[in-house]
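Trainee: this one's sequence-less:
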Ligand code: FAD
């Protein structure tokens with residue numbers, strides 16, 4: 001009886017609900033010579049990016065209802081929190097990746113960057129990073145019904161001269177590959193006969209700029225590599241090795257409390273990392289880092305991890321939408337302002353998630369946790385027939401019931417409304433971030449962990465925190481395969497030491 005009544009309500013509502021328009025992007029999409037496997041007329045959901053936000057959508061979105069297309073220059077998801085471990089060989093690069101085509105085989109993927117979006121005609125213009133033999137870069141267009149922007153951010157240099165040319169970043173796998181090779185090169189260079197003591201000191205001075213979690217984790221991991229592996233193979237070079245962490249703020253790891261920050265600084269003393277706070281870098285040349293005040297530091301390798309900057313696509317998209325101007329944190333557009341339902345304010349049928357967004361009314365941190373939760377929210381939002389129409393904060397998103405069970409789900413999360421005399425269902429649950437805590441590895445088997453449970457908050461530092469760090473990251477892996485690979489990598493590093501081969 002209950003099902004019958006639900007069915008009646010459903011058919012009544014289907015009749016009375018004002019049909020919400022979607023363009024038929026699918027027909028146009030099939031025409032672009034793609035490898036689309038879903039030969040059916042479905043609304044096209046275009047995902048830009050393959051990071052935390054987009055990956056989370058791919059895992060949840062209903063491919064029976066939607067033709068899902070992903071465009072990203074990176075054909076894999078990367079588990080970023082463990083990227084520093086790959087730069088020293090504790091974990092192998094491929095253990096942290098999941099190809100998009102494996103994450104969801106029913107998502108059509110194109111390896112390219114989106115350069116421009118035509119919001120009026122609902123088309124994304126894309127360019128591949130791989131050229132044809134004659135050097136032409138393939139360009140193509142992807143029409144969409146619903147667009148989800150999850151392109152993240154890129155490393156910020158703050159216009160500091162020489163950073164781009166002379167420093168390593170810690171953002172993607174190629175950064176980590178380059179770093180691993182360069183660390184090894186520096187040791188082989190210093191070990192050559194005839195290298196002066198001065199040259200050795202310079203070659204083996206490793207500088208990390210940035211006292212946030214990424215810089216701190218890299219400094220800690222590097223110190224492990226030095227003490228546990230390189231020390232055994234290059235004992236004569238050890239007196240010349242230095243690791244320095246420079247941070248412009250007066251402390252490090254500002255998301256943790258004072259006591260935990262102090263623990264991190266003490267731990268760095270123990271593992272041989274020199275922490276210098278209140279140090280702003282004003283320029284970097286081939287062999288020298290200049291600090292505000294004029295001090296010059298000779299270095300062999302510098303890792304720049306001082307913050308994030310917007311991607312050009314995001315700046316360009318935000319600049320296209322007049323309503324975005326009032327929400328921008330700086331003078332120039334740098335983030336996509338979204339309402340609490342993650343609709344891009346002022347744009348039609350566009351959602352945005354992750355680092356590239358600024359949620360109006362709730363300042364969220366730029367973390368994997370936020371991006372992943374937002375991705376899952378958006379996928380449920382789309383699956384249940386909620387439409388991202390009319391980005392703006394004046395009213396919640398309208399939606400349409402997709403099935404009887406869909407209606408039941410909708411009724412839980414939605415409310416009835418009236419639009420010019422016709423029944424409309426409005427979604428009522430905005431995105432709500434569930435902060436689970438924060439983790440940071442400090443080197444020497446010590447870490448900081450802060451875990452938020454329903455009525456309590458657990459703060460740990462030291463070895464126990466390191467065990468929690470390891471357990472959380474192993475359980476948070478996106479697949480069983482990644483979990484097994486990482487466990488093997490840890491075991492391998494423990495038994496045989498990290499690999500010291502140089503390519
Ligand atoms: P991303 O994951 O950065 O993904 C962006 C995607 O967009 C990429 O696939 C990129 O290739 C693609 N893209 C870029 N430009 C275009 C374009 N023009 N067109 C199409 N696609 C494009 N967060 C935590 O919560 N905990 C941690 O411990 C932690 N550690 C970190 C360690 C490191 C080394 C780094 C770099 C980050 C860390 N973060 C951590 C932050 C976390 O990784 C980010 O907050 C998260 O990746 C944001 O997800 P996103 O989907 O917004 O962007």
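Mentor: Received the coordinates, thanks. Every value quoted in this text rests on a predicted model; they were computed, and no experiment measured them.
Trainee: who touches residue 378 in this structure?
Mentor: The contact partners of residue 378, taken as C-beta atoms under 8 Å, 6 or more residues apart in numbering, are 53, 57, 148, 342, 351, 353. C-beta: built from backbone N, CA, C; applies to glycine.
Trainee: and what about it, helix, strand or coil?
Mentor: When classified by DSSP: H, G, I helix; E, B strand; the rest coil, residue 378 comes out as helix.
Trainee: smallest gap between the stretch 101-250 of the chain and the ligand, at which residue?
Mentor: residue 152 (2.5 Å; C-beta to the nearest ligand atom).
Trainee: likewise for the stretch 1-150 of the chain?
Mentor: residue 51 (1.9 Å).
Trainee: isn't that residue right next to residue 366, touching?
Mentor: No. If you go by C-beta atoms under 8 Å, residue 51 and residue 366 don't touch, sitting 11.5 Å apart.
Trainee: so how far is stretch 491-503 from its chain's centroid?
Mentor: 28 Å (C-alpha atoms, centre = their mean, to the nearest Å).
Trainee: the ligand contacts on the stretch 1-150 of the chain?
Mentor: 48-54, 71-74, 80-81, 83-84, 113-114, 150 (C-beta under 6 Å from any ligand atom).
Trainee: just the ones of the residues you listed in strands?
Mentor: Secondary structure from DSSP state E places 48, 71, 72, 113, 114 of these in strands.
Trainee: pretty sure the third one contacts residue 54?
Mentor: What that stands for is residue 72. Yes. In terms of C-beta under 8 Å, residue 72 counts as a neighbour of residue 54; the distance is 7.0 Å.
Trainee: these two - which one has more neighbours?
Mentor: Neighbours of residue 72 and residue 54, each counted by other C-beta atoms under 10 Å, are more numerous for residue 54; the result is 29 against 25.
Trainee: tell me the confidence at the more buried one?
Mentor: Looking at residue 54, its pLDDT is 98.
Trainee: quick one: which helix or strand includes residue 498?
Mentor: For residue 498, there is no helix or strand it lies in under DSSP states H and E.
Trainee: for the nearest residue to residue 269 once chain neighbours are set aside, list the residues it contacts.
Mentor: Closest residue in space to residue 269, ignoring its immediate chain neighbours: residue 275 at 7.9 Å, by C-beta to C-beta, 6 or more residues apart in numbering. Residues in contact with residue 275 (C-beta under 8 Å, 6+ apart) are 211, 244, 245, 247, 252, 265, 268, 269.
Trainee: buried ones only from these, please, as a ChimeraX command.
Mentor: In ChimeraX syntax, the buried subset of the contacts of residue 275 is picked out as below (16 or more other C-beta atoms under 10 Å):
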select :211,244,245,247,252,265,268
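Trainee: dump the contacts of residue 275 to a markdown table, plus pLDDT.
Mentor: Output for the contacts of residue 275, formatted as a markdown table (pLDDT from 0 to 100):
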| residue | pLDDT |
| --- | --- |
| 211 | 95 |
| 244 | 98 |
| 245 | 98 |
| 247 | 97 |
| 252 | 96 |
| 265 | 96 |
| 268 | 97 |
| 269 | 96 |
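Trainee: common neighbours of residue 72 and residue 54, please.
Mentor: Common contacts of residue 72 and residue 54, defined by C-beta under 8 Å, 6+ apart, comprise 47, 48.
Trainee: show me what from the stretch 301-450 of the chain comes close to the ligand.
Mentor: So the stretch 301-450 of the chain meets the ligand at 311, 313, 354, 355, 356, 366, 367, 368, 369, 371, 439 (C-beta under 6 Å from any ligand atom).
Trainee: how distant is stretch 346-366 from the center of its chain?
Mentor: Relative to its chain's centre, stretch 346-366 lies at 14 Å (C-alpha atoms, centre = their mean).
Trainee: now that stretch: buried residues?
Mentor: Per 16+ other C-beta under 10 Å, stretch 346-366 contains these buried residues: 346-359, 364, 366.
Trainee: among those residues, which are in helices?
Mentor: Among those, DSSP state H puts none in helices.
Trainee: state the pair within these that is farthest apart.
Mentor: Farthest pair in the buried residues of stretch 346-366 (C-beta to C-beta) is 348 and 366. Separation: 25.9 Å.
Trainee: show me where the stretch 1-150 of the chain dips below the pLDDT cut-off.
Mentor: Applying pLDDT under 70 to the stretch 1-150 of the chain picks out residues 1-40.
Trainee: for it, just list every one of the strands.
Mentor: For the stretch 1-150 of the chain, the strands defined by DSSP state E, counting those that start in this stretch occupy 44-48, 67-72, 76-78, 97-99, 108-118, 123-128, 139-143, 146-149.
Trainee: quick revisit: I'd like the ones in strands among the residues of the stretch 1-150 of the chain next to the ligand laid out as JSON lines, including distance to residue 387.
Mentor: Converted to JSON lines, these look like this (distance: C-beta to C-beta, whole Å):
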{"residue": "48", "distance to residue 387": "19"}
{"residue": "71", "distance to residue 387": "21"}
{"residue": "72", "distance to residue 387": "24"}
{"residue": "113", "distance to residue 387": "27"}
{"residue": "114", "distance to residue 387": "22"}
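Trainee: just the buried ones from the residues you listed?
Mentor: Buried among these by 16+ other C-beta under 10 Å: 48, 71, 72, 113, 114.
Trainee: quickly list what the second one is bridged to.
Mentor: Right, residue 71. residue 48, residue 110 (DSSP bridges).
Trainee: same check, this time on the last one
Mentor: Taking DSSP bridges, one finds residue 126 as the beta-bridge partners of residue 114.
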